[in-house]
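Undergrad: Build me a structure from this.
(chains A, B and C)
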Amino acid sequence: MLYTKKINNNKTFNYLYKKGKCIVSRNIVIYVKKNKRPWNGLGISAGKKIGNAVMRNRAKRVIRQAYYECEKDMPIGMDMIIVARKNACFVKSTEITAYLKEKALDMIIKEVFGEEK
RNA sequence: UGAGCAGACUAUACGGCAGCGGAAACGAUCAUGUUUACGAGGAAAGUCCGGGCAUCACAGAGCAGGGUAACUGAUAACAUCAGCCGGAGGCGACUCCCGGGCAAGUGCAACAGAAAAUAAACCGCCUGCUUUUGCAGGUAAGGGUGGAAUGGUGAGGUAAGAGCUCACCGGGGUACAGGUAACUGUACCGCCGUGUAAACCCUAUCCGAUGCAACGCCUAUUGGUACUCUUAUAUCAACAUUUGCUCGAUGGAUAUAUGAGUAAUGGCGGCUGGAGCCUGCGGGCGACUGCAGGCCUAGAUAAAUUGCCGUACACGACAGAACCCGGCUUAUCGGUCCGCUCACAAA
RNA sequence: GGCGCUAUAGCCAAGUGGUAAGGCGUGGGUCUGCAACACCCUGAUCCCCAGUUCAAAUCUGGGUGGCGCCU
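TA: Got it, this is the predicted structure:
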């Protein structure tokens, strides 16, 4: 939790779903958008389709752990929503961490900050 | 040994590294750090009952509406639980049952059937008249319909029959005895009548409404928006408020103007020490309860119990607190303990 | 978290204890030289499981799905 704040109002969620860039994979879907502030915003969403309360909590936990582990490498100054898909609760957190570090980071940097650099 | 019945408990375990939540202590000062112990369930679920707590309304009464239903008790209370009565099932341990009243009233009972409930009589049976087809009277034994047909079986009796009479069975009433009571037993009378109250209803008894997004406190901005109150003026004479309605109670009511206050948003409290848990000794058949000692054991707000690795095995089910308790219902891989029953075998 | 409503044929639906009306559509037939129109026929585990009753779509209890309100 170095530079991150939680996103907890509905407005920003809807704004990001509409305007943000989306990156899709088997386990998760990521929506990203610049916010021009000295912190990152993080929202995790686990919908009804995933399963009961235990499964939803498990998915949220795994995603949060994966985010913390690659927080140091993240660029600062963006809002981000991670939506769990049905696979996410059966997978270990190391898989998601690896995915974030190897593939998603490059994509995020390209999509969001690519134009400036 | 096998097959069961009932009750109670448990819900992978241990270690390492990294992390989360609020709390306490120590340090530190507008950055927050260190240490310590603690941190989901038997159903946390469904929200089906009951209560606490809070607000609203209170001067009260009645009606409407809703719940409960053998009896006695337990309890804060209950649709729960215990004991017991009645009924049903099982060889048995034991289990199951929304179990008041259609002899207060009203309604309903399709089709079939003569008839579906003050009664009546299709085919029959018997007597009389007429005459070969009917009429009048008696009768409800037999037939068929239906879920249900005015007690059942046998004997006497008769023109034919019939609780018409008798015996036994079944049900009802009255009296007496036993039991706290539901109820049980005995004696006498007597056959007065189907089902349905999870149909309206009646009887007894209980219930005010809304739910922590209740409610209380603090506060930015905008704007005179909404609401409340005070004063003044004008109009009207029945109008408003008061839990769904009525009585009753309280206030005259509406519009305009002036002045004062409140609300929205966000935050904090409510929030966890409680009808609490454990142990021992008493009371009670039991549900439960009295006394003494000990313990503090989640409180988040996009929402904490984790991630990864290793070891073991039976390879891990259903499932995540959101104000709090007592029950019920539903989901659930399995395991352990105590008691009891039946069958077989051995001593 | 709390409080409510609802489920009937492929679709829209009526039905307050006595064996489920109707409309659109599907399929078949009649009509026609062939079609359309018209007419006739056709089809239901009344969301699921128990109970009350002679009898349940309907009454009672439990479950499942869908929808709404407070925010």
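Undergrad: buried set for the helix or strand containing A:Tyr17?
TA: Using DSSP states H and E, A:Tyr17 maps to helix A:10-19. Under the neighbour-count criterion of 16 or more other C-beta atoms under 10 Å, helix A:10-19 has A:Thr12, A:Phe13, A:Leu16 buried. Quick note: C-beta positions are derived from backbone N, CA and C, even for glycine.
Undergrad: now that helix: how far from the chain's centre is it?
TA: Chain-centre distance of helix A:10-19: 14 Å, with C-alpha atoms, centre = their mean, to the nearest Å.
Undergrad: now swap in stretch A:20-32 and tell me
TA: Using C-alpha atoms, centre = their mean, the offset of stretch A:20-32 from its chain centre is 7 Å.
Undergrad: Stretch A:60-78 now?
TA: With C-alpha atoms, centre = their mean, you get 7 Å for stretch A:60-78.
Undergrad: Span of that stretch from start to end?
TA: End-to-end distance of stretch A:60-78: 20 Å, with C-alpha to C-alpha, to the nearest Å as the criterion.
Undergrad: picking that back up, what residues does the helix holding A:Tyr17 touch?
TA: A:Ile7, A:Tyr31, A:Val32, A:Lys33, A:Gly41, A:Gly43, A:Ser45, A:Asp79, A:Ile81 (C-beta atoms under 8 Å, 6 or more residues apart in numbering).
Undergrad: on that earlier part again, quick one: which of the buried residues of helix A:10-19 is nearest RNA strand B?
TA: Nearest to RNA strand B among the buried residues of helix A:10-19: A:Phe13, at 6.8 Å, using C-beta to the nearest atom of the strand.
Undergrad: which parts of chain A sit against RNA strand B?
TA: Within chain A, the positions adjacent to RNA strand B are A:1, A:6-8, A:10, A:13, A:43-45, A:52-54, A:57-58, A:60-62, A:64-65, A:68, A:92-94 by C-beta under 7 Å from any atom of the strand.
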